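Participant: this is a predicted model, with the sequence first.
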Amino acid sequence: METRKIEVQRTFADFDDFWTTAMLAPSTGPTVASMRPDDVELLKKRVRARLPADAAGRITYGAWAKRG
């Protein structure tokens with residue numbers, strides 16, 4: 001069986017759009033929901049700092065997976 005690397009990019013309107021979408025994930029949403037509010041705010045701050053926005057505030061996020 002051949003292994004392939006699949007790369008994708010997705011653009012979000014802004015950080016809030018990214019965060020709202022991320023919280024819909026079956027593992028991420030419940031995990032964050034179980035955290036203390038102060039910890040959630042710290043997490044959001046750190047994630048925001050690692051996802052640079054373009055001049056219009058959009059965030060483009062790349063990801064990849066291997067299939068084989």
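Facilitator: Nice, I can see it. Numbers count the residues shown, from 1 in each chain.
Participant: list the contacts for the residue nearest to the spatial centre of the chain?
Facilitator: The chain has Ala22 as the residue nearest its centroid, 5.2 Å off, counting by CA atoms, centre = their mean. For Ala22, the contact set (CB atoms under 8 Å, 6 or more residues apart in numbering) comprises Thr28, Gly29. The way it works is simple: take the backbone N, C-alpha and C, and place the C-beta from them, glycine included.
Participant: next one: Phe15
Facilitator: Residues near Phe15 by CB under 8 Å, 6+ apart: Arg48, Leu51, Ala53, Gly57, Ile59.
Participant: just the buried members of the residues you listed?
Facilitator: Buried by 16 or more other CB atoms under 10 Å: Ile59, out of those.
Participant: relative to Asp14, which of the contacts of Phe15 is nearest.
Facilitator: Distance to Asp14 across the contacts of Phe15 (CB to CB) is lowest for Gly57, with 4.5 Å.
Participant: look up how far Gly62 lies from the nearest residue in space to that closest one that is not next to it in sequence.
Facilitator: Residue nearest to Gly57 in three dimensions, not counting chain neighbours: Asp14, with 4.5 Å by CB to CB, 6 or more residues apart in numbering. Shown here: Asp14 relative to Gly62, a distance of 17 Å by CB to CB, to the nearest Å.
Participant: again with Met23
Facilitator: Between Met23 and Gly62 the distance is 20 Å, computed by CB to CB.
Participant: so for the residue nearest to the centre of the chain, what pLDDT did the model give?
Facilitator: The per-residue pLDDT reported for Ala22 equals 93.
Participant: same question, Phe15
Facilitator: 96.
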